[in-house]
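Colleague: sequence first, predicted model second:
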Amino acid sequence: MSDHKIINSITSDGTGSISTVTISGVLKIEAAAELHQTLVEALAESQQVVLDAKLLEEMDMSILQAVCSACKTAAAGKKSFTFDGELPVCMATLNSGIGTYQGLSCRQNNDEACRWLGGVC
């Protein structure tokens, strides 16, 4: 098992709840189901979900797939799903390694640039 943490914390901004899902350490396929479930629960609880990956050290394709799935679920439910801060270096490295490019649009998210592949929203 990889050394990782996945934490969902909920706060209120006065107009509704905000879920912040914090991921850190090394997340690989062993953590994908846990991350997916945490993101599904966060999207069920809040209109706005923020992914804090500042302390994410390493990830694999299964983690990117879990994040992408949550993004599509958020878009379908008219909810917000964003990063807290910059795209983590390990995600940018993975993206370039699998041949993605910045500005790629997502059909499931109103053809906006994919924030998870380095696009700006």
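Modeller: Perfect, I can see it now. Numbers count the residues shown, from 1 in each chain.

Colleague: phi, psi of the residue of the chain most remote from its centre?
Modeller: Distance from the C-alpha centroid of the chain, by C-alpha atoms, centre = their mean, peaks at G14 (23.9 Å). Dihedral pair for G14: phi 100, psi -20, per degrees, to the nearest 10.

Colleague: hey, where'd the strands end up in this protein?
Modeller: Taking DSSP state E, the strands of the chain run over residues 4-12, 17-27, 48-59, 80-83, 105-106, 112-113.

Colleague: and the fourth one, what does it pack onto?
Modeller: For strand 80-83, the helices and strands in contact under the criterion 3 or more C-beta pairs under 8 Å, 6 or more residues apart in numbering; DSSP states H and E are strand 48-59, helix 61-76. From N, CA and C alone the C-beta is placed, and that goes for glycine too.

Colleague: so for E34, which of the strands of the chain sits nearest?
Modeller: strand 4-12 (5.6 Å; C-beta to C-beta).
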